[in-house]
Structures are given as C-alpha cells and as structure tokens.
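>>> show me the folded form of this:
(2 chains)
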Amino acid sequence: MKVLYSWLKELIPTLQATPKQIAQKMAEAGIEIDSVETDDTGDAVIELDLTPNRSDCLSMWGVAYEVGAVLGLPVQLPSLEALPITQNEEKIILKDPNLCPTYLALMLYDVQIGSSPAWMQKRLEAIGMRSINNIVDITNYVMMETGQPLHAFDYDCLENHQVVVRQAEANEVLLSLDGQRRELPQGTILICDPKKPIGIGGIMGGLNSEVTSKTQTILFEAAYFERRSIRRSAKALDLRSEAAIRFEKGVDPSGLMKALQRVVQLAKEMKVGRPATEVISANSYEPTQSKEIVLRRTYLDARVGLHFPSEKVEQTLRDLNFDIVTTEEGWSVNVPSRRQDIEQEVDLVEEVARLIGFDQIPAQLPSGMTTQGGLSLRQKLVDQIHRIMVHQGYHEAVNYSFIAKQDLEELYSDPEHPLRQAIPLLNPMNDAQSVMRTSLIPGILRGLQYNQNRQNSDVALYELGRVYLPKALPLVDLPQEETRLTLVLSGEYRSTHWMQPKIEASFFHLKGAIEALFSLLDWPMQIQENKTNELFHPYQCADIILNGKVVGTMGALHPQIEKKWELPRRVFLADLSLDQLLQFANPQIAVKSLSRYQAIYRDLALLVPKQISAREVEQAIVQQGGVLLEAVKLFDVYTGTQVKEGFKSLAFALTYRAKDRTLTDQEVVVCHSEILRAVSLQFDTQLRT
Amino acid sequence: MIETLLQLKQTALESIERAENTAGLNELRVQYLGKKGELTLLLRQMGKLSAEDRPKFGQVANEVRNLIEVELSQKEALFGQKEQHEKIRSEQIDITLPGYSLPEGSLHPITLILQEVKEIFVGLGFTVVEGPEIETDYYDFQALNIPLDHPAREMQDTFYITEDLLLRTHTSPMQARTMESMSPELPIKIIVPGKVYRRDEDATHTPMFHQVEGLLVDKEVSMATLKGLLLSFAKQMFGAEREIRLRPSFFPFTEPSVEVDISCFACSGSGCRLCKNSGWIEILGAGMVHPNVLKMGGYDPEQVSGLAFGMGVERMAMLKFAIDDMRQMYQNDLRFLKQFRL
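The predicted model follows:
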C-alpha cells in the first residue's frame, strides 16, 4: 500500500512529523515500511508492507487512523451526508446471499464523461493507479480512501436494467476489463444481468458493461463478498486485482454506505452528473458498527509481564479511536468494525503493548518448575555418528528432499521397484525436484558429479537424512520417514604426500569407515556378498548385516551407472538405514579385565585357493584355536609371481594367551600346528615357505 | 723394569691424550690392558724379578693400570657425550615440511548451527523433539489458527502432495502435535529442529530450508519471559554484549506476535552493511501462543499461557559464517564444505 504524505496531512491536520519520522514510528508499532520516496515538491510516498491481518490499512482513512494512534493525533475525515436506502428485490437479485450478502447500488444520471480533475489524477498516479476517466477515477479514488472496492456499470448495457448476483455455471466466459477472455471456474461469483455475466464479483468488471464516452447512466456497485470465495476465484483466475486483494482480506461491512456517500459528494463536486438521492439494496442493510470486548487488568498484566499505568492504557485505546468504559476488572472496549483483525481480548493486549512499546517490557527467565532438558539417546547417537563420519574424513552434504523422478528410473530398472514408488508433488518448482526422495543415493551422486565437474575430483561425502516411503500411492496416510546414512568416495583417498605416494580410493577405504562406525557404536558388523543389487558392481558389493538383518549395502558403483552418470573415476558407495541401526544402540561400555599373563605372538602365512575368502580362513583358525587364541589379525594378502596360479597368500598374526597362567612355548607350538593342520585340511592350504 | 713400566705409562697416557674417538680408545684399551696388552705382558714377566723387588713393581704396575683406566674412561665419557651430540645434530629435520595426518571431514554449516542452538536450549531446560516433514493441512495450518482459504496462507507458498497432505511450511505443526500428546501436563518446554519447505528461490530463499521451533507452555508465561529467554539465547549464540529488540509483527498462531532483532555483532550498533545501517539484525519470529491454538491443543488459555518462536537456521548460518548466497548450502561444493569444521 502506497501512502501519499500530503494526502495523509489532509486527514491529520495537526501532522508535523516528516515522512521519515512517520515511517520510523509506524515500523516501531508493527507496520513494516518498504520505502519512503520524496519528490522535488517536498511531498513523499511511503510504501507499507502490510501483514495479512491489517487490511484496514489498505485505505488512506485506515492508515490515517493508524498514524493517528501511533503519533497520538486526531483524525479528520470528510463529513458525509446520509443517504436513505430503498429495498428493491426486483432490481437487484441476490441468488447466493452466503457469497454476496450485501449489494448496494447508486444511480448517477446525465453523466458527463471526461477526465478527472488534476488533483485527483495526481493523487491516483502517486499511489500507483492510472487515471482513466472521471467515473472510473471516482471509484478508484474512493476505494483508496475508504478501502471499499467499487464498480461502475454502464446502466444501459444491463438487460432489463436488472442486476443478478449468482455463481458461475459450467463453461461461462467473460471478456474482462483488461481485455482478457476469462473462462470462469464454476462457482465463481458473478455480477450478471438476466441474460449474461457483466462482471466477476469483487475481482474485475466486464468489457460488455464498461463505462465509455457514450455512457449516460451509471450504476455504482458497493458490495460485500465472502472473502474465501474471492480468494479462491482470484487464485484460480490468477487475477489479483486491487479489489480482490481487499475483498479476500476482508473489508469493513459498515464501510459500503460510507463509500457511496463519498461517491455522491465527489460526483457533485466534480459535476459529473446527477446522483440519485437514495441507495438501492436487495435486502435490509444494517451492518454492525462495532463490537464490545472486555480487557481485564489482570489478563493484560499477566500476558505482558508488566503493569502499564491505567492512564497510559486508556490513552492508547483512545488514540486508536476506540471508545472505552472503565469497569471493575478493567475496561470495556468498543472496537469499530474497520478493525476486523481485533476479535478477542488478547488482540487488545497486542494493541496496547505495541503502541506503548515492547521496549518497556523487562526480560525475565522462565519461572515455574525447573526442567531437566536434554537429548534422547537416539539424538545423542545421531550426533555421534556425524562426528565419526567427519573423523573418517567425510564431508557432510545436505541435499533437497525432492529429486528428479528420472534419477530413480535410471537407477532402478524395474518399474515395480519399491524405491521407484516416490511421492510426487502437485506443484514442484521444476522437474529436477518433482518427487520426494526414496533414497539418498541420487542426491549424493549428483553432489559427486557437481564436484567432479568443478575439478574437485577427490570426493568423500556423506549425507544423514530422511527418505519418504509411502505405504501406497496416491498418498492417503502420512508416509514412513526413514533416516538413512549414505557415503560416497571417489578419486584419491589420500593425495601424494612427500612421505607416501597417493592412495586411490577403494572398496576397503569405504568399508573401513563403516567398520569404524560399527566399532565406535559397539555394534557387531557382519557382511555378506551381494551380486544382484543393480546399483553395485556385482563382484565388489556387500550387504551390511546387524543381528541377522540387512541394514545396508556398500560397494563399488556399477560401471554402467558410472558411465551413464558420467562419473570418470571409480565410485564407492554405502547406504544404510540408521533407523534400523539405532534400534540396536548399545551405549554401555563394559570393560574386560586385563590379563596379568604374557602373550605369545606367532605369524601364520598360508597359500589358499583364490576363491576362498579371508573370512572363511579366519573363522577356521578361530575355531581350531580355542580358548588359548586371543586374537587373529590378517596382515598381508599377496598374489604374484612367487605364488602359484590360482592361489593367494594370506598372512595372519596370532596372539596366544591363557587367562590363568603364562603359556609355555610347547603349548603354543602344539596349538599353532593344530591350527595349521585343521586349516590345511579344510581348504587345501599350504604353509607358505 | 720399573723404568719400562714408567715408560709404558708415559706412552699410554700420551696415546690416550691423542685418541680421537671411542673406537681409538677401545684400540688403546686392547693395546695396553687387553689379554695380550703391553701392561699385561709386562706383568707376566714379574716372576723374573727378585722377591724383594716384586711388591714394589706390583704396586707401581697397579697404579699404572688404574691410571690408564681412569684416563680411558674419562676420555670415553667425553667422547660419548660428543658423539651423542653429533648423532643428535645429524638427526636434524626440516620442520617446515607438511605434517602427516588422517583425512578429516567437516560438518555442514546447518548441522553446526543446529548443534549450537540445541545445546543452548538444552541448557535452558528444553528437550528436543522432531516431527514429520510431510504433514496434514490440519497440523500445518488449521491447528495453528490458519483456517482454509485464510489470507495468511499466502505468507507461505506451500508444496502440496494431495489436497490434504503437504510439505510442512514451518516446524510449528509440532506445537500442535506436542500439546495434543502432552495435555494437560505442564510445563511444555520443547524445541523442534527440522526441514521445512516453501516454493521460493533466490539468494536468500531456497525451496527447502531448516527451522528451529520453540514452545514453552506453563502458568505465568508472559512477554517478559519471551524477552528473557530470547535474550539469553542471543547472548549465547551471538556474544555476551548482544541486546535484543522486539518489534510488533503478525503470525496467525501467536498474539501478540513479534520479530526479534539482535544488536549488530559486526558493528555493535553503529551501523554497517550487514545491518543495513540500522544497528539491528532480524533473527527470528516469536510471540505468545494464540488462545485459539492453546484451546485446540487441549489447554485452557485462562489457566496457562505460552510462548513460541521460530528461527531460520540458514539465516543464522549466513550471519555467523558470512555466507552471501543461501543456495550454496545445497550445492555441496567441497571448496565450500571444507571451510567448516567439526
């Protein structure tokens, strides 16, 4: 809303403050100011940025009341002459009183169409409206003054000289004043004559009843439209006219008559024709002028946390032009209908507090019961997982929760794949953000791609966030929101260092991070080959298993996907369900007692057939080793010229220790050779010499 | 023979004096005191002496031996020290070479801010709750005093899934959900961190962003409590010298509603680019819980009152880390991410 300073001064004759000072005071009282622009004549336009509750300030008179209240100055509006109402149900037919409960019409005869006076044109242009002709300018000017939208129809364009207000039927069309052909959504409130629509109620008039240079008689409309209906229609038509903006926020129901009285006054002043001496209404028009709201002293003090002096409270309410009566418990306040936003006692608390000033209010910490506060175990674990990932060298990524549907289709070939059942948005920003993610993988791969395209080719990223899994589509109930953890690793794991050559990222660097996660949270991790997950390299992929349940997958990205997504370097990817992991959280640390006896260390290097996994060999060692074998650690894997074809060399470091005595060499020799015998028997193994 | 002995003593002492290192000393030790050493050989000839001369010779020989040993060990100690010094000196390294460390990652700025905000409010006795990001119209709007077709809905352009299901536009639905599940228990002291969604995109808006909602419902909660609580937060988050200012505003679910500004931490209020010369920076919206919202949540607004606040996490991050384009937070460019720490 734009406010012209000189216009405001006319309404507040004692106004001394400069436009900048007014803007500052209004901002302090809660009306945001977009800009203050001064012209060379010393006049200024103050642009207000109004919150939706303050529709009363969508008019010069409303702004004058607000400025008057803020500065404690009286407001002087033009004095208007009363107009009698004639009820005429023949002339104005209201088919839907729920959507349009009131429709007032004023006739203007012997119309002289011309331009409006210079002062009016200047004011309209200053606040952003175009001057059209004297009639249209009057409707706009009065709307800007009073906040009540008006419309002028060429009376002779109305079939049978009747107005019918009704809802749009199917397939109705109107050429609106802006020259657009409008297909009217069914249910839109229309102003019609008995044969055709002549305007979209509360939004815009029709070209077929436009005021032209030939117009002789005018019907001015001042109506009240139900605000939700206007909001819906304006949105559907994508037509947010000045009228629509005011109606959908709610106009003052008692302002309709004032607006027409002002039209009569201006029409006479401007000599544009002969106004009727009465207003026509379809029904009786007796709007409520005000409402009584009780403001209790105790309530005011309790909500604010400070006792404002009574004189101060009363002065503030009077500055707002609210009539007050002092009562035993506080005040009975008469709130005029222009302030539609004030509905209950707490709204008066705000009015009083904002105008006296929030800076008066002291700062106090909460009284009452002391509460413990804190994080849940789950929340603490999630924070801990973040730290583990960072210590493992991964950088946290955050991606949008919406992704491209096509990304899922590229990753999962089966249309029935559960992860392709993503929840679509009705109104996405664009195709790349059209569905709610069912997996963190597309996002993290896009992150990898983004970096590799910018010469950040060594990438270690993780994301910890939710995916959205519908129970059924289209969505009826709230979906499951599962928290997952995804890691991606590509390029050099360690770049060249003067002490060490560079290390290329591998499956095992990724696996190490997952192992660190499980180890720090004391979860027993198991893995299992997975050759059928289409996202992964069939020979470099493992399911991650916790307590018998698959909780995630890790591996090299399938070379075909690397190709399709134009990822030039090998990509390693892990994806886990944190919700499943966190079920098995074990925050307890139980320390094992330390042995007093010495350990004996022996290495065991074995040649085993290539297809035998290290885990199988290790399990066999552990099984045979029994209680004396404290630990086994694989420390070398070798295949090369010195190892015969089809075999590999595995070297294990074994730790022997008894709980109750120092082991003798002899005991260890026996145990060690038994392990060797058992393992050789099981796997066709040979001791490497 | 004593003559020879004294001669030997003389040459031995001179050789020791001339020795240059531990190895030289070891050779001399062998030369004079070894099994076949010169002194040892002389002593073996003692039998040839008269019984009378023998004790005298023995005494002098012992003295010579002791003297040589003392000289040797003194010199040895000296060389030992010197050689150790040389060894240490030879171990000099170039301390300016880069160190060797494990790769370190980084937390996203949003997570950093969230952790800090959580820590502050946990310290003030709040618990942390989370809620669904896909919400019903009821919890996102209606239970927050925003009925269907209310103009306040225009304040937040909403992503819809169906007519009734949407992406939450704020973390405020958890106000309603928490009140419903806790009523009539008191007090409620929660914060709600999480993702929220609005159809908007420019340098200071992204279609997804993060908020932290706060709710305190108890007897005797007033605007003074709101001011005290948020002042404590502002000082912990942005520095002990910070002051706050409440400006009247509008949110349908609070009344009175306020915008909260902190005194500018870049210029301490004298005016700079960051605060657009006002001395103040807007950090969050807040207010007293609207009686209608309390009622819908199962509380009697005559008996209890509440305060609520909501802050944009990205905005805090932009302020604290001097980030100028909010969209950077969602590009995951490593050159950006690596500037943050744990």
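
>>> residues near residue B:84, how many?
Neighbours of residue B:84 under the rule other Cβ atoms under 10 Å in any protein chain shown: 10. C-beta: built from backbone N, CA, C; applies to glycine.

>>> phi, psi for it please.
Residue B:84 adopts backbone torsions of phi -60, psi -40, taken as degrees, to the nearest 10.

>>> any idea how far chain A is from it?
Note on residue B:84: its distance to chain A, by Cβ to the nearest Cβ, to the nearest Å, is 27 Å.

>>> and the pLDDT at that residue?
You'll see residue B:84 listed with a pLDDT of 92.

>>> from residue B:78, how far out is it?
Distance, residue B:84 to residue B:78, using Cβ to Cβ, to the nearest Å: 11 Å.

>>> for residue A:589, same thing?
Separation of residue A:589 from residue B:78 (Cβ to Cβ): 55 Å.

>>> these two: which is more packed in?
Under the criterion of other Cβ under 10 Å, the comparison of residue A:589 against residue B:78 puts residue B:78 first, with 12 against 6.

>>> show me how the chain divides into domains.
As the question left the chain open, I've gone with chain A. A:2-71, A:85-281, A:290-360, A:377-583, A:600-687 (automatic domain parsing).

>>> not quite, I wanted chain B
Chain B resolves into domains spanning B:2-90, B:109-337 when parsed by automatic domain parsing.

>>> what's the closest non-adjacent residue to residue 319?
This is for chain A. residue A:69 (4.5 Å; Cβ to Cβ, 6 or more residues apart in numbering or on different chains).

>>> if you could check chain B rather than the one you did, that'd help
Using Cβ to Cβ, 6+ apart and skipping residues adjacent in sequence, the residue nearest residue B:319 is residue B:281, 6.6 Å away.

>>> buried set for the helix or strand hosting the one you found?
Using DSSP states H and E, residue B:281 sits in strand B:280-289. Going by neighbour count (16 or more other Cβ atoms under 10 Å in any protein chain shown), the buried part of strand B:280-289 is B:280, B:281, B:282, B:283, B:284, B:285, B:286, B:287, B:288, B:289.

>>> same deal with stretch B:106-115?
For stretch B:106-115, a neighbour-count test (16+ other Cβ under 10 Å) marks B:106, B:107, B:108, B:109, B:110, B:111, B:112, B:113, B:114 as buried.

>>> report the entries of those that also contact chain A.
Contacts with chain A within those, as defined by Cβ under 8 Å from any Cβ of the partner chain: B:106, B:107, B:108, B:110, B:111.

>>> ok, now which ones touch the nearest residue to the second one once chain neighbours are set aside?
I take that to be residue B:107. Among residues not flanking residue B:107 along the chain, residue A:396 sits closest, at 5.1 Å (Cβ to Cβ, 6+ apart). By Cβ atoms under 8 Å, 6 or more residues apart in numbering or on different chains, residue A:396 lies in contact with A:386, A:389-390, A:461-464, B:105-108, B:111, B:337.

>>> ramachandran angles for whichever residue of the stretch 351-500 of chain A sits closest to chain B?
Residue nearest to chain B within the stretch 351-500 of chain A: residue A:393 (3.2 Å; Cβ to the nearest Cβ). Backbone torsions of residue A:393, given as degrees, to the nearest 10, read phi 100, psi 10.

>>> okay, buried residues for the top helix by length along chain A please.
Criterion DSSP state H: the longest helix present in chain A is helix A:665-683. Residues of helix A:665-683 classed as buried by neighbour count (16+ other Cβ under 10 Å): A:668, A:671, A:672, A:675, A:676, A:678, A:679, A:680, A:682, A:683.

>>> now swap in stretch B:226-240 and tell me
Here stretch B:226-240 shows B:226-238 as buried, counting by 16+ other Cβ under 10 Å.

>>> report how many residues lie close to the nearest residue to residue A:185 once chain neighbours are set aside.
In this structure, residue A:185 finds its nearest non-sequential neighbour in residue A:236, 4.6 Å apart by Cβ to Cβ, 6+ apart. When counting by other Cβ under 10 Å, one arrives at 14 neighbours for residue A:236.

>>> same check on residue A:259?
Neighbours of residue A:259 using other Cβ under 10 Å come to 25.

>>> ok, residues contacting stretch A:159-167?
A:90-96, A:99-100, A:103, A:105, A:153, A:155, A:186-196, A:201, A:219, A:221, A:223.

>>> what about burial for the residues you listed, which qualify?
Counted by 16+ other Cβ under 10 Å, these give A:91-94, A:96, A:99-100, A:103, A:105, A:153, A:155, A:187-193, A:196, A:201, A:219, A:221, A:223 as buried.

>>> which helices and strands does the helix or strand of chain B with the lowest mean pLDDT pack with?
Taking mean pLDDT, DSSP states H and E as the measure, helix B:38-44 is the helix or strand of chain B with the lowest mean score, a mean of 85. Counting contacts by 3 or more Cβ pairs under 8 Å, 6 or more residues apart in numbering or on different chains; DSSP states H and E, the secondary-structure elements packed against helix B:38-44 are helix B:2-18, helix B:22-33, helix B:53-90.

>>> how far away is the closest residue in space to residue A:267 that isn't next to it in sequence from residue B:169?
Spatially, and ignoring its direct neighbours in sequence, residue A:267 is nearest to residue A:275 (4.9 Å; Cβ to Cβ, 6+ apart). Residue A:275 sits 48 Å away from residue B:169, going by Cβ to Cβ.

>>> with residue B:243 instead?
Residue B:243 is 31 Å from residue B:169, by Cβ to Cβ.

>>> swap in residue B:176?
13 Å.

>>> which residues sit in contact with residue A:552?
Residues near residue A:552 by Cβ under 8 Å, 6+ apart: A:485, A:514, A:543, A:544, A:574, A:575, A:576, A:577.

>>> which of those fall within strands?
If you go by DSSP state E, those have A:485, A:543, A:544, A:574, A:575, A:576, A:577 in strands.

>>> out of those, which end up buried?
Judged by 16+ other Cβ under 10 Å, buried ones among those: A:485, A:543, A:544, A:574, A:575, A:576, A:577.

>>> quick one: the last one and chain B, what's the gap?
Distance, residue A:577 to chain B, by Cβ to the nearest Cβ: 17 Å.

>>> residue A:483 versus that residue, what's the distance?
With Cβ to Cβ as the criterion, residue A:577 and residue A:483 are 8 Å apart.

>>> average pLDDT for the helix or strand where residue A:352 lies?
Following DSSP H and E, one finds residue A:352 within helix A:345-356. If you average the pLDDT over helix A:345-356, you get 96.

>>> show me what the helix or strand that it is followed by is packed against.
Proceeding C-terminally, helix A:345-356 gives way to helix A:377-391 as the next helix or strand, assigned by DSSP H and E. Applying 3+ Cβ pairs under 8 Å, 6+ apart, one finds that helix A:377-391 contacts strand A:395-396, strand A:459-469, strand A:480-490, helix A:507-520, helix A:578-583.
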